[in-house]
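Trainee: What shape does this take:
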Amino acid sequence: KLRDDSKATGSGPYKLDSYEAGKEAVFSVNGDYQGSAEIRNSGMTMKFFGDEPALKKAVEDGSVDLAYRGLDSADIASLQSSSIAGDTGIQVVEGTGAEVQHLVFNVEDPVVGNKAVRRAVAYLIDRKAFIRDVYQRTASPLYSIVPAGITGHNTAFFDRYGEGGDKAGAQAALSQAGITDKVSFTLWATPVRFGPGTVAELKAIAKQLNDSGLFDVDVKTTDADQYAKDIEAGKYAVYVRGWVPDYPDPDNFTAPFFGDGNVLGNNYVNKKITDELLPRTAAEAGRAATSTDFEDLQNAVADDVPIIPLWQGKQYVVSRDNINGLEWTLDPSTVFRFWEIQKGVTE
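Mentor: Residues are numbered from 1 along each chain as shown. The predicted model follows:
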């Protein structure tokens, strides 16, 4: 029976008891739950924090039992080192993630609309360097738009452009297109929306490009609302875009990026992708059978370079050391399984 009011009927392991905007949401176990999950706790309170330092402090002083997302890479690295030393009462649990970040090119821009320019950038970006220096190794280099751990993943950008820092490859790409002067454009970011390290990351990328002697690139930022409006209006040549999947399937890392109304707004058109590959993969019930088509799609993106994959995030949970079961909550599905968590149990 369909409801005829504005309320919802939930069938999950928990029910929402109370919610205070910007502060907390309180959940208890759903006594009517009939699913397969074995619930290992009596409920939870989800607290909301407006900044990373406050969240880190809350974990350290025991105000919260655990933190999932919201901590920047420097804090995670610091807490991980302290945890290894065994002097904080805190543990850091690492798992594979599926969050990704891409550098996006407006292919109608008079500068980066030239495929040779985009390919030259692809030859030069050294992912390992900024993942080490900016993200403290809390992410992994990504060389295709479908991340590792997802059906059909390949390394199309690595296979074509290498691991970065290839000035000779970049120079050859530009020379073949008759480009002899330095190439100038701006890298645009919004400081918070796609992670606190985004601006520092783009500054590192700009330095890599400029140090080659082939580019003259700067970095600018704006707030998230203006950023979205300007992308829609086509004002940016190059900008960053993060993506957290709704489900762990290659379709969710590809279909939203191509065709009319796509989330990138970069004016890229590829009829083979939108008219052949994506419809065919969407119609295939056996997801393993889609691998070849998704590999073809990734290779086409590496050839045209409308976007450059940058990194694939790792997932981290920072908790007090009396919290168990966290290792079962982190995988590329991005579903955090609260019901697996136990408090006050010694393993």
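Trainee: what comes up buried for the least confident helix or strand in the chain by mean pLDDT?
Mentor: In the chain, no helix or strand scores lower on mean pLDDT, DSSP states H and E than helix 73-85, which sits at a mean of 77. Across helix 73-85, burial judged by 16 or more other Cβ atoms under 10 Å covers 73, 74, 75, 76, 77, 79, 80, 83. Every C-beta, even on glycine, is put in place using the N, C-alpha and C of the backbone.
Trainee: Name the nearest of those relative to residue 164.
Mentor: Distance to residue 164 across the buried residues of helix 73-85 (Cβ to Cβ) is lowest for residue 73, with 19.5 Å.
Trainee: What is the neighbour count of residue 125?
Mentor: Neighbours of residue 125 under the rule other Cβ atoms under 10 Å: 24.
Trainee: heads up, I number from 46, so please use that
Mentor: Understood, numbering begins at 46; the last thing we discussed is residue 170.
Trainee: what residues are up against it?
Mentor: Residues in contact with residue 170 (Cβ atoms under 8 Å, 6 or more residues apart in numbering) are 148, 209, 250, 253, 254, 353, 355.
Trainee: Kindly present those residues as JSON lines, with separate columns for pLDDT and neighbour count.
Mentor: Supplementary listing: these in JSON lines, determined by pLDDT from 0 to 100; neighbours: other Cβ atoms under 10 Å:
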{"residue": "148", "pLDDT": "98", "neighbour count": "21"}
{"residue": "209", "pLDDT": "97", "neighbour count": "22"}
{"residue": "250", "pLDDT": "98", "neighbour count": "27"}
{"residue": "253", "pLDDT": "98", "neighbour count": "20"}
{"residue": "254", "pLDDT": "98", "neighbour count": "22"}
{"residue": "353", "pLDDT": "98", "neighbour count": "25"}
{"residue": "355", "pLDDT": "98", "neighbour count": "25"}
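Trainee: Counting neighbours, what do you get for residue 155?
Mentor: Neighbours of residue 155 (other Cβ under 10 Å): 9.
Trainee: Just the element for it, please.
Mentor: Using DSSP states H and E, residue 155 falls within no helix or strand.
Trainee: Show the model's pLDDT score for it.
Mentor: Looking at residue 155, its pLDDT stands at 97.
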